[in-house]
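Undergrad: Please work out how this folds:
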Amino acid sequence: MRSFASPGSLRFVWGMPLLLAVLTAFGLVAALLGTGVWHGAAWLAMAVPVGVGLRCSLRRPPRPRA
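TA: Residues are numbered from 1 along each chain as shown. As a prediction, this is how the structure comes out:
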């Protein structure tokens, strides 16, 4: 079975940053232009990149192989 993206491919390197950028842009636009449900969608869209950043920054580094 072939993986979604090989480690050296453009999708593998830029896939997640582009997804987080799109979510952030959507959240900002929805918060500025929308009301009601759009504020909840904006909050969720802005919380996902923050959560991903926290998860990556609080993750333990892998142990070196001895």
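Undergrad: Pull the number of nearby residues for Ala30.
TA: 20 (other Cβ atoms under 10 Å). For the C-beta atoms, the positions are set from N, CA and C on the backbone; glycine is no exception.
Undergrad: Would you check that it makes contact with Ala41?
TA: Yes - shown here, Ala30 and Ala41 form a contact pair, counting by Cβ atoms under 8 Å, at 5.3 Å.
Undergrad: burial measure for Phe12, as a count.
TA: If we define neighbours as other Cβ under 10 Å, then Phe12 has 13 of them.
Undergrad: Centre of the chain to the helix or strand containing it, how far?
TA: Phe12 is part of helix 10-33 when elements are defined by DSSP states H and E. Its chain's C-alpha centre and that of helix 10-33 lie 7 Å apart, by Cα atoms, centre = their mean, to the nearest Å.
Undergrad: Please save the CA atoms from it in PDB.
TA: Output of helix 10-33 as PDB, limited to C-alpha atoms (Å, rounded to 0.1, in the frame of the first residue of the first chain):
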ATOM      1  CA  LEU A  10       6.000  18.800  -1.500                       C
ATOM      2  CA  ARG A  11       2.800  17.600   0.100                       C
ATOM      3  CA  PHE A  12       4.600  15.900   3.000                       C
ATOM      4  CA  VAL A  13       6.700  19.100   3.800                       C
ATOM      5  CA  TRP A  14       4.100  21.800   3.200                       C
ATOM      6  CA  GLY A  15       0.800  19.900   3.700                       C
ATOM      7  CA  MET A  16       0.200  20.600   7.400                       C
ATOM      8  CA  PRO A  17       1.600  24.300   7.400                       C
ATOM      9  CA  LEU A  18      -0.800  25.100   4.500                       C
ATOM     10  CA  LEU A  19      -3.700  23.500   6.300                       C
ATOM     11  CA  LEU A  20      -3.000  25.500   9.400                       C
ATOM     12  CA  ALA A  21      -2.700  28.700   7.400                       C
ATOM     13  CA  VAL A  22      -6.000  28.100   5.700                       C
ATOM     14  CA  LEU A  23      -7.700  27.400   9.000                       C
ATOM     15  CA  THR A  24      -6.200  30.500  10.500                       C
ATOM     16  CA  ALA A  25      -7.300  32.700   7.500                       C
ATOM     17  CA  PHE A  26     -10.800  31.200   7.700                       C
ATOM     18  CA  GLY A  27     -11.000  31.900  11.400                       C
ATOM     19  CA  LEU A  28      -9.900  35.500  11.100                       C
ATOM     20  CA  VAL A  29     -12.300  36.200   8.200                       C
ATOM     21  CA  ALA A  30     -15.200  34.400   9.900                       C
ATOM     22  CA  ALA A  31     -14.600  36.300  13.200                       C
ATOM     23  CA  LEU A  32     -14.500  39.700  11.300                       C
ATOM     24  CA  LEU A  33     -17.400  39.200   9.000                       C
END
